[in-house]
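Enquirer: have a look at this prediction, sequence included:
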Amino acid sequence: MNIERNLGNMERVIRLSLGSLFLAWAFSQPYMNGIEWFVVAIASMLMLNGIFSRCYVWYVLDLNTCNSTDSNCQQSLGSN
């Protein structure tokens, strides 16, 4: 299922930063138990959202933080 980009640039930067911080914290722990693996999963999702500028939760909630004047926000994966 292809969705349009729905994350603005500032939100992308925030998600990438938080994902990086969460990954660094989880991998700095001496033992990887359930909490750390959960944090790694969340961090990975945040980073993927930031990279691809798409969030399925925002899509379901019909939220869009893209700037309407940004041409990159109007493109979807399948359109040419």
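Expert: Alright, I've got the coordinates. Numbering: from 1, shown residues only.
Enquirer: and the lowest-mean-pLDDT helix or strand in the chain, how far out from the chain middle?
Expert: Using mean pLDDT, DSSP states H and E, the weakest-scoring helix or strand in the chain turns out to be helix 56-60, at a mean of 88. In terms of C-alpha atoms, centre = their mean, to the nearest Å, the centre of helix 56-60 is set 11 Å apart from its chain centre.
Enquirer: that one: which residues count as buried?
Expert: Residues of helix 56-60 classed as buried under the neighbour-count rule (16 or more other C-beta atoms under 10 Å) are Trp58. All C-beta atoms are positioned from the backbone trio N, CA, C, and that covers glycine.
Enquirer: only alpha carbons, please: show it as CSV.
Expert: Taking C-alpha atoms only, helix 56-60 is exported to CSV below (Å, rounded to 0.1, in the frame of the first residue of the first chain):
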residue,chain,number,x,y,z
TYR,A,56,1.1,4.9,8.8
VAL,A,57,-0.2,6.0,12.2
TRP,A,58,-0.5,9.6,10.9
TYR,A,59,-2.1,8.2,7.8
VAL,A,60,-4.8,6.3,9.8
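Enquirer: now for this structure, which residue lies nearest the mean position of the chain?
Expert: For the chain, the residue nearest the mean C-alpha position is Asn49 (2.0 Å; C-alpha atoms, centre = their mean).
Enquirer: got any ranges where the chain has weak pLDDT?
Expert: Along the chain, the parts satisfying pLDDT under 70 run over 1, 68-72, 74-80.
Enquirer: spell out the residue ranges of the helices in it.
Expert: 9-28, 34-52, 56-60 (DSSP state H).
Enquirer: about what we covered before: right, and the residue nearest to the centre of the chain touches Arg15 too?
Expert: Yes: counting by C-beta atoms under 8 Å, Arg15 is a contact partner of Asn49 at 5.2 Å.
Enquirer: can you check which residues contact both of these two?
Expert: Leu7 (C-beta atoms under 8 Å, 6 or more residues apart in numbering).
Enquirer: return the residues in contact with Phe52.
Expert: Counting by C-beta under 8 Å, 6+ apart, Phe52 touches Arg5.
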